[in-house]
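Novice: curious how this folds, go ahead:
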Amino acid sequence: MEPARIDLAVIGGTGLYKLAQLQDVDTQQPVTRYGAPSGPIRIGTLGGRRVAFLARHGEGHSLPPHQINYRANLAALQALGAQRVLALNTVGGITERYGPRVLACPDQLIDYTWGRVSTICEVDAEGRGGGEVIHVDFGEPYARSLRQAVIAAAAQANVAMVDGGCYGATQGPRLETRAEIARMRRDGCDLVGMTGMPEAGLARELGLDYACLAIVANWAAGAGPDPDEVITLQDVLDHVAAATAELPRLLETLLTR
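Specialist: This next block holds a predicted model:
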């Protein structure tokens with residue numbers, strides 16, 4: 001039997017472990033050919049539409065970026081009926097338009113990660129994955145239609161959002177050095193995060209429409225007006241909470257489109 005349609009799947013990052021506005025919530029805990037996802041998938045209604053939510057790091061933030069089973073997360077959402085995935089990524093800002101509490105919908109990315117299982121074609125240590133080798137086009141890493149829908153929904157809902165930018169994905173879980181951020185700026189990165197890849201590439205391989213909503217929680221090392229600023233987890237969480245205060249309204253508007 002075909003799974004019931006899910007209008008939108010949302011993957012939450014640091015500081016975003018639930019969608020409190022979901023109603024009539026059902027919990028699913030599927031196991032995929034790649035193993036188990038980061039945690040339970042909460043499926044409910046928002047604005048009259050079916051929405052699935054998954055906390056990328058686990059609901060207790062127990063998984064560091066390099067140990068997340070990105071393949072299982074996406075495969076589980078797909079198996080439950082999701083075709084469109086909006087990834088919420090907590091990031092640092094590098095260039096001037098991307099200060100704390102800014103929402104951005106990037107259109108490009110650079111992958112600086114290493115050692116992660118980055119394709120559904122790869123067989124992991126437990127023998128999961130593999131099969132036919134595929135070579136997906138990734139010149140435009142985010143689905144244009146979903147990006148445009150997110151930008152249009154933000155405008156309609158009167159939610160400030162920066163359209164575009166380049167996301168640089170680093171290994172983590174430590175934050176970056178000033179020299180690393182300076183290099184990323186030279187490379188053309190506007191944002192820095194730890195979970196943008198391989199998630200975006202895997203979504204493309206699985207045929208999912210995928211876009212990123214980046215939530216700027218802090219200036220990256222040496223990038224802000226105070227180059228000596230020390231970043232604390234509490235600052236990050238405070239900025240995320242402020243930046244996402246209007247997220248439910250944005251999502252409801254997106255779903256009506």
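Novice: C-alpha only now, for contacts and for neighbours.
Specialist: Fine.
Novice: what lies in contact with stretch 75-82?
Specialist: When contacts are defined by CA atoms under 8 Å, 6 or more residues apart in numbering, stretch 75-82 is touched by residues 2-9, 30-32, 34, 37, 41, 52, 206, 208.
Novice: and if we set it to 6 Å?
Specialist: Contacts made with stretch 75-82 from outside it, assessed by CA atoms under 6 Å, 6 or more residues apart in numbering, are listed as 3-6, 9.
Novice: what about the strands in the stretch 101-250 of the chain?
Specialist: With DSSP state E, counting those that start in this stretch, the ranges of strands along the stretch 101-250 of the chain come out as 103-105, 108-111, 162-163, 166-169, 191-193, 209-219.
Novice: ok, which of these comes nearest Asn73?
Specialist: Nearest to Asn73, of all the strands of the stretch 101-250 of the chain, is strand 209-219, at 13.1 Å by CA to CA.
Novice: what about the nearest residue to Pro3 once chain neighbours are set aside, neighbour count?
Specialist: Distances taken as CA to CA, 6 or more residues apart in numbering put Gly81 closest to Pro3, at 5.1 Å, once the chain neighbours are dropped. Residue crowding around Gly81 was assessed by other CA atoms under 10 Å; the count is 17.
Novice: what's the separation between Gly81 and Gln29?
Specialist: With the distance defined as CA to CA, to the nearest Å, Gly81 ends up 14 Å from Gln29.
Novice: which two in the contacts of stretch 75-82 are spaced the farthest apart?
Specialist: Based on CA to CA, the longest span within the contacts of stretch 75-82 runs between Pro3 and Ala9 and measures 13.8 Å.
Novice: so between those two, which is more surrounded?
Specialist: Legend: neighbour count by other CA under 10 Å for Pro3 and Ala9, higher for Ala9 (26 against 10).
Novice: got the contact list for the nearest residue to Gln28 once chain neighbours are set aside?
Specialist: Nearest in space to Gln28, with sequence neighbours left out and distances taken as CA to CA, 6+ apart, is Ile41 at 5.2 Å. Under the criterion of CA under 6 Å, 6+ apart, the contact list for Ile41 reads 27-28, 53-54.
Novice: ok, now Asn73?
Specialist: With contact set as CA under 6 Å, 6+ apart, Asn73 has these partners: Pro37.
Novice: for the helix or strand hosting it, which positions count as buried?
Specialist: Of the helices and strands defined by DSSP states H and E, Asn73 is found in helix 70-79. For helix 70-79, a neighbour-count test (16 or more other CA atoms under 10 Å) marks 70-78 as buried.
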